[in-house]
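**Q** Make a model of this:
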Amino acid sequence: MNATGARRLLEGSIAGHGGMKSAAEALAKLEAAQRTFSVARVKGWLLVAIIVAFYLVAAELAQLDLGKLATGLPRLWDWLSRAWPPKFEELPVFLWRTAETVAMAAIGTTLATLIGLPFAILASRNITPFPLLYFPTRWFLNALRGIDSFVFALLFVAAVGLGPFAGVLGITLHTAGTAAKFFADQIESADLGPHNAIRATGAGRLTALTYGLLPDILPLLLSTSLFWLEFNVRASTVLGVVGAGGIGQELKNSMDLLDFSRLFTIIAVILIVVTALDWLSGWLRKRLV
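**A** Modelled structure (predicted):
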């Protein structure tokens, strides 16, 4: 029976029994349900219209053009055909540059972790020693996270010159903001029972953090740091585009010279190294968590 039929039946019941109170209440509930259903349907269609309009505008702003893609694919295929066979004459140089990239990521991630931990404590609402600094610290971390390591590296190239050191600084600042935010979220969701118990004995804040909180969250902190190391190795491969050293510099040179065989070799080396590091990082994270 549909809503209209049910309403008529209830109205007839009311008329036939002198306006029974229960039937009137049921009719009122049915009318309210119909109004709610209509409002929900209007909201649903309005939401769909907003989403469709958003993507139409986004497609226009992004200048999506399938025609350009269709004409560009043959050119891409021509480049791929010219990339074979790969060039191995400069393989030692590529491996050295890749080692620079891994070193940049490792040092940058380590420095970011060491810098991020104190900020994570300030940005954790449940343990911060200075509650007034909670929001300013969060805002500062958001600022570091909002600027990509690529942009930081570009700025530091102008400040300290070309080379991997600029890449290390860029990775450090961006990752410090992101890692500290992750650390703070993990601290805020941690069990503070052991920490509070140690504090209740009269121990200092640092002692309580070291022995009451750190052992519980250390596996998560190490797992997060390994994730960012893995991520930064991939991100560092393009920092050479702005002169921050590493394999990205050789990648850019090959693109500028349209030397596709050399480019293919560099990409193959990057894929092998990144895949190996991803596997190693994943294996270590499984052992920690």
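
**Q** Centre-most residue in the protein?
**A** Per Cα atoms, centre = their mean, the C-alpha nearest to the average position across the chain is that of Thr178, at 8.6 Å.

**Q** what's the nearest residue to that one if we skip its chain neighbours?
**A** Arg145 (4.9 Å; Cβ to Cβ, 6 or more residues apart in numbering). Every residue, glycine included, has its C-beta placed from N, CA and C.

**Q** For the residue nearest to Leu239 when sequence neighbours are not counted, give me its contacts.
**A** Using Cβ to Cβ, 6+ apart and skipping the chain neighbours, the partner closest in space to Leu239 is Gly167 (4.3 Å). By Cβ atoms under 8 Å, 6 or more residues apart in numbering, the contact list for Gly167 reads 104, 108, 149, 153, 156, 236, 239-240, 244-246.

**Q** ok, back up a step: state the helix or strand in which the residue nearest to Thr178 lies.
**A** Taking DSSP states H and E as the definition, Arg145 sits inside helix 134-146.

**Q** quick one: buried residues of that helix?
**A** 137-138, 140-141, 144-145 (16 or more other Cβ atoms under 10 Å).

**Q** As CSV, those residues with pLDDT and distance to Gln63 would be great.
**A** Compiled in CSV, these are given as follows (pLDDT from 0 to 100; distance: Cβ to Cβ, whole Å):
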residue, pLDDT, distance to Gln63
Thr137, 88, 39
Arg138, 89, 36
Phe140, 90, 35
Leu141, 89, 34
Leu144, 88, 31
Arg145, 85, 28
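
**Q** For Leu73, state which of those is nearest.
**A** Nearest to Leu73 among the buried residues of helix 134-146 is Arg145, at 36.1 Å by Cβ to Cβ.

**Q** separation between Pro74 and Ser81?
**A** Pro74 sits 10 Å away from Ser81, taking Cβ to Cβ, to the nearest Å as the criterion.

**Q** How about Pro118?
**A** Using Cβ to Cβ, Pro118 is found at 54 Å from Ser81.

**Q** Over to Ala176?
**A** Distance, Ala176 to Ser81, using Cβ to Cβ: 44 Å.

**Q** ok, these two, which is more surrounded?
**A** Ala176 (25 against 9; other Cβ atoms under 10 Å).

**Q** show me what contacts the more buried one?
**A** 111-112, 115-116, 119, 144 are the contacts of Ala176 under Cβ under 8 Å, 6+ apart.
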